[in-house]
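**Student:** no letters, just coordinates:
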Ligand SMILES: [Zn+2]
Ligand SMILES: [Zn+2]
């Protein structure tokens, strides 16, 4: 097969590095940009180039940042007594979007997983310990994912917090709001049932 | 909401120029590239930049091309007696992928649509007439879309072909292979019924 343009074929192939984009949608994207969105396509190319080259990690919280310190860490109006620990920048973004949280973050960029070679050092826990030792933080919110590895990581972090005299807290588990009991997985339902609260 | 990185926010916004990509998938794409595919992301940025700047239209068939003549027009091994006219490069790509067609193309980059200001001039029909006058083409395959405007365009092109002594042909319509009659639209079914062929 030929599209008549080797450069167009290269573009279609390159677009497939995007998650969830197969050959058919890569082709549709390429034609769409060429036919109707040259300006925005060029803007995307330049922003993507800059992002891939300049975005590194915040030296304080390990979040993505193009500056030595991310805009959350360098925002003086955020609460310096609260630290929320997440596995990845996606989780940080989800919390920022969904909640009114105004404290600080620490991004592990992973979870404890000895089989994958991910130990305390790879997760930057030395940096985290240093941070806990500064004496500003009063509560550490453990927002790792509710998976086996995420729970093990939270358990480890809770010990770190306690050793530094900081109160560790964990996100509440239970039946999702608006979820029907019928469709909630058994583990979640059992947990929610066991943790039932009294109604006044 | 803040991601901690203004450049990351710009990237997420820029990714939304891709068709079918909303805020949520743009975010997923940006994180995926930053976390796991920096090299391929950079390659995409550079290919996209080059494509947006260099890809224009073939001077002979109006297909996308970064060179004055596309690789189909400049391929001496393709049959110069057959010319297939399509509305857009997507249609050309579909025919190249699905059929064994080895002739030439002409890409209208649209269809006759007086209300949208698309007349014979906008579709490059002067270029097409010139081509028909060269005397090489024997058959002109009208592969415009089976829409009202596509059919009207095909009708107009058939007259051009006949005036130049060239045989116009049209793609066959009918029940799609593997399609169940129950799910075929009424217009197609009526046409297929009316155009029924004798079985030997
Ligand atoms: Zn930071
Ligand atoms: Zn061409």
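**Tutor:** Noted; the coordinates are in hand. Everything numeric in this text was worked out from a predicted model, so none of it was measured. Numbers count the residues shown, from 1 in each chain, chains lettered A, B, ... in the order given. Ligands and ions are numbered 1, 2, ... in the order given.

**Student:** what about the helices in chain A?
**Tutor:** Per DSSP state H, chain A carries helices over the ranges A:6-15, A:23-36, A:38-54, A:89-98, A:125-132, A:148-163, A:186-194.

**Student:** mind listing what's buried in the third one?
**Tutor:** Same thing as helix A:38-54. Neighbour-count burial for helix A:38-54 flags A:41, A:42, A:43, A:44, A:45, A:46, A:47, A:48, A:49, A:51, A:52 (criterion: 16 or more other CB atoms under 10 Å in any protein chain shown). (Each C-beta comes from the backbone N, C-alpha and C, glycine too.)

**Student:** quick check: domain ranges of chain A?
**Tutor:** What automatic domain parsing lists as the domains of chain A is A:1-38, A:78-170.

**Student:** next, the distance between the ends of stretch A:123-142.
**Tutor:** Using CA to CA, to the nearest Å, the end-to-end distance of stretch A:123-142 comes to 14 Å.

**Student:** hmm, it touching chain B?
**Tutor:** No. Figure legend: stretch A:123-142 not in contact with chain B (CB under 8 Å from any CB of the partner chain); closest approach 14.4 Å.

**Student:** adding distance to residue B:67 and mean pLDDT, write the domains of chain A out as a markdown table.
**Tutor:** Below are the domains of chain A laid out as a markdown table (distance: least, CB to CB, whole Å; pLDDT from 0 to 100):
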| stretch | distance to residue B:67 | mean pLDDT |
| --- | --- | --- |
| domain A:1-38 | 8 | 92 |
| domain A:78-170 | 42 | 93 |
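
**Student:** out of those domains, which is the most enclosed?
**Tutor:** Stretch with highest mean neighbour count among the domains of chain A: domain A:1-38 (a mean of 19; mean count of other CB atoms under 10 Å in any protein chain shown).

**Student:** centre of the chain to that domain, how far?
**Tutor:** Its chain's C-alpha centre and that of domain A:1-38 lie 29 Å apart, by CA atoms, centre = their mean, to the nearest Å.

**Student:** what do you get for stretch A:112-120?
**Tutor:** Computed by CA atoms, centre = their mean, the separation of stretch A:112-120 from the middle of its chain amounts to 18 Å.

**Student:** out of the helices of chain A, which is closest to residue B:140?
**Tutor:** Among the helices of chain A, helix A:23-36 comes nearest to residue B:140, with 23.9 Å by CB to CB.

**Student:** what's near enough to touch the nearest residue to residue A:113 once chain neighbours are set aside?
**Tutor:** In this structure, residue A:113 finds its nearest non-sequential neighbour in residue A:149, 5.3 Å apart by CB to CB, 6 or more residues apart in numbering or on different chains. Residues near residue A:149 by CB atoms under 8 Å, 6 or more residues apart in numbering or on different chains: A:111, A:112, A:113.

**Student:** got it, and residue A:128?
**Tutor:** For residue A:128, the contacting residues are A:85, A:106, A:157, A:160, by CB under 8 Å, 6+ apart.

**Student:** residue A:82 contacts residue A:138, correct?
**Tutor:** Yes. Counting by CB atoms under 8 Å, residue A:138 is a contact partner of residue A:82 at 7.2 Å.

**Student:** okay, the contacts of residue A:149 in CSV with distance to residue B:17 next?
**Tutor:** Formatted as CSV, these follow (distance: CB to CB, whole Å):
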residue, distance to residue B:17
A:111, 34
A:112, 39
A:113, 36
